[in-house]
Structures are given as structure tokens and as C-alpha cells.
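1. For reference, the sequence and a predicted model appear below.
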Amino acid sequence: MNDGTITLPWLVVRQDDNGNRYRVGRYATRAEAQKIADSLDVRGHKQLYWVERIAQNGAR
């Protein structure tokens, strides 16, 4: 973008064993987000982690 803002369109989401969802973080690339999600997932807890792309208007 040319307006000086930083775009972080990739979101890592965590869902716990009660079904609650939380934003873990936003990232510039899918690869970066997937690396974080994978590193959290290998810890062996009951939480689920996945990557979503955020639309330009902020919607998922």
C-alpha cells in the first residue's frame, strides 16, 4: 500500500476445548502465520489453531 499503513491480512485463531475462539496474532504473510500456528499446535494441548485471511474491509 502506498498510504504508509502496514497490511497484516493473515490471522492466527485459537479455539479452546470449550469452543471459545481467540485471535492469536496478525501477520504479513500466510507462511509466517502458518509457522506460528504450527509451532503452537505441536505443543499437544486441546486447542486448535488455524490461519484465516482477513478481507481488505476487515471481514474474515
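-> All right, it came through fine.
2. what ranges do the helices span in the chain?
-> 30-41 (DSSP state H).
3. Any stretches of it with poor pLDDT?
-> Where the chain drops to pLDDT under 70, the residues are 1-6, 57-60.
4. all strands for it, in order.
-> Using DSSP state E, the strands of the chain run over 10-15, 21-27, 48-53.
5. could I get these as JSON lines with mean neighbour count and distance to Ile36?
-> Heads up, the C-betas are built off the backbone N, CA and C, glycines and all. Shown next, in JSON lines, are the strands of the chain (neighbours: other Cβ atoms under 10 Å; distance: least, Cβ to Cβ, whole Å):
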{"stretch": "strand 10-15", "mean neighbour count": "18", "distance to Ile36": "5"}
{"stretch": "strand 21-27", "mean neighbour count": "14", "distance to Ile36": "7"}
{"stretch": "strand 48-53", "mean neighbour count": "16", "distance to Ile36": "8"}
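6. Just put the ones you listed in a markdown table and tack on distance to Ser39.
-> As requested, those are exported to a markdown table (distance: least, Cβ to Cβ, whole Å):
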| stretch | distance to Ser39 |
| --- | --- |
| strand 10-15 | 10 |
| strand 21-27 | 11 |
| strand 48-53 | 9 |
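7. show me what contacts the residue nearest the centre of the chain?
-> Taking Cα atoms, centre = their mean, the centroid of the chain lies closest to Val12, which sits 1.3 Å from it. Contacts for Val12 (Cβ atoms under 8 Å, 6 or more residues apart in numbering) come out as Arg23, Val24, Gly25, Arg26, Tyr27, Ala33, Ile36, Ala37, Leu40, Tyr49, Trp50, Val51.
8. So which of the residues you listed is the closest to Thr7?
-> Arg26 (9.4 Å; Cβ to Cβ).
9. Who is that closest one paired with across the strands?
-> Leu11 (DSSP bridges).
10. wait, doesn't it sit right on Glu32?
-> No: using Cβ atoms under 8 Å, Arg26 is not in contact with Glu32, being 10.0 Å away.
11. Now the common contact residues for these two.
-> In contact with both Arg26 and Glu32: Trp10, using Cβ under 8 Å, 6+ apart.
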